[in-house]
Structures are given as C-alpha cells and as structure tokens.
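Visitor: next one to model:
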Amino acid sequence: MISRSPDQTSEDRLSAFLGGVALNRAIPLRDQVYSLVRRAIVTGKLAPGAPINEIDIATRLGISRTPVREAVKKVSDEGLVRVFAQHGTFVADIRREQVEESYIIRIALEMESIKRAAPRITPSHVQDLEDIVNAHETAVKRSRYDEAIARDDDFHRYIAEVNGLHMLWKVVDISKAQMDRCRLLALPSPGAGQETIAQHRAILEALAKRDQEASMRALENHLQTSLDNTLAYLDANAGEREP
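Guide: Model prediction:
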C-alpha cells in the first residue's frame, strides 16, 4: 500500500489543476467534474490522503455543489476516494490487491480484444498504430509522462476500436484507475518507458502479420510485465509517506 499524509500543497495542486478550466454547460456538469477529479487523482495531482473538498471544487468551477457531490460519489464507487462520516472525503491509498484485480480484469478483456482484432486489422489500422507508438516514444524521450500514458492508452484503445468494442475499453478504463496511479509514479524509472514502447512494437508487428496467436502472446507478455513492474514498485515503496 502507498499512502500519503494530507499536506498543505494539496489545495495548491488542485487549484492549479482546475485553473482555467471552462465547463461546457451543454453537457452534464457531473460527467465533466467526474473526469476532472478522476484525472487529478490518477495523475497524482491529488495524492493519497489528500482531502476532497466539494464546496471548494464547486466554488473554483463556479457551479453548485450538486454535480460535484454526484461526481465524487462516482469516483468513490471506483475506489479512488474514501468517505468518512463526520471527518470528510479523502483520496484513497493505493492498495496492492486493488492493482492486482485491475490487471486481472484488463488482461481478460484485452486478450479477447486483440484476438478479434488480429484477423480484422488493415494496413490503415497498422499505420495509425505506428503513429501512436511514435508519438508515445517522443513523449517518453521528452519526459512528458502524462502524455506518454495517454498515448499508451490510445494504443490499447485503438485495438479495441478495430473491432468496434467501444464498451470494452470503457470497462477497462474504469477498472484500471488504480493501475494508472502506479504507472505515473513508476514511469520515470530508467528504461520503463522504453520497455513499454518495445513491447508495443512487438504487438504491432504481430498484428501487421495478422498473426492471432503471436499477437495474443505479445500482449500477454506486455501486460504481465507491466503487472510485475507495478507490483515490484509497490513492494519497494510500501508505506511510503509524502513529507
């Protein structure tokens, strides 16, 4: 488990994250606030243990508290925040068992996704995936880790969308929130980003050949490596607390 003590910088981090955000009144505010709060947690802008002040968020965004409360409830359902009666709402710790469960769900769904994608993939799809991998590599080289993770997700999402499996990726994305929190912490480790890119290229090479078995093996190796690296990071930093 990785936990953090609530610190005086949490409010500053949230303020900077929400600064300049313009909500679109034409679409549900709850969904937009949910995306903002979830991203703040997943990217570490709100660290484990940081308080979630619904009134403060509503004030900063210039909206009522109701959509904020609904958004925080949705984030809570994903296990990203914990609500303590009479005490408040706080960003949840990163727990090893939740990360493992995230990977179990992800591996099962993505293996089915790539199994279906391999015989359907076209040269145009392959080119699009090559562009994503190249953009991912550029982000890693420039130490733009938020962007690197976004391009990583684009790669996996695109494979699902080759099959038109949009709901599959939505389920994966929701289930992997705990995993993503670790990814951002571990990505700066020497060689981590380059290893991911090399594995993506191996997956792409198998897909380009429409080799279903090789594609599945390459993906399984990639996701298992990611799990092993994440668990090793968690074990090495168990009990770490932010100063």
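
Visitor: just checking, what packs against the strand or helix carrying residue 225?
Guide: Element membership for residue 225, per DSSP states H and E: helix 212-236. Counting contacts by 3 or more CB pairs under 8 Å, 6 or more residues apart in numbering; DSSP states H and E, helix 212-236 packs against helix 96-117, helix 177-186, helix 192-208. Any C-beta I mention is one placed from the backbone N, CA and C, and that applies to glycine too.

Visitor: tell me which residues of the first one are tucked away?
Guide: Using 16 or more other CB atoms under 10 Å as the burial criterion, the residues of helix 96-117 that qualify are 96, 98-99, 102-103, 106-107, 109-110, 113-114, 116-117.

Visitor: picking up where we left off before, okay, the helices and strands packed on helix 212-236 in TSV with distance to residue 159 and mean pLDDT next?
Guide: Formatted as TSV, those follow (distance: least, CB to CB, whole Å; pLDDT from 0 to 100):
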stretch	distance to residue 159	mean pLDDT
helix 96-117	5	93
helix 177-186	17	80
helix 192-208	8	95
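
Visitor: residues contacting the residue nearest the centre of the chain?
Guide: For the chain, the residue nearest the mean C-alpha position is residue 180 (3.6 Å; CA atoms, centre = their mean). By CB atoms under 8 Å, 6 or more residues apart in numbering, the residues touching residue 180 are 42, 149.

Visitor: next one: it from residue 98, what distance?
Guide: Relative to residue 98, residue 180 is positioned 12 Å away (CB to CB, to the nearest Å).

Visitor: tell me the domain ranges of the chain?
Guide: 10-91, 96-236 (automatic domain parsing).

Visitor: hey, least reliable of those by pLDDT?
Guide: Mean pLDDT is lowest for domain 10-91 out of these, coming in at a mean of 87.

Visitor: assign a three-state SS to the residue of the chain most remote from its centre, would you?
Guide: Centroid-distance maximum for the chain: residue 86 at 30.5 Å, with CA atoms, centre = their mean. The three-state label given to residue 86 by DSSP: H, G, I helix; E, B strand; the rest coil is coil.
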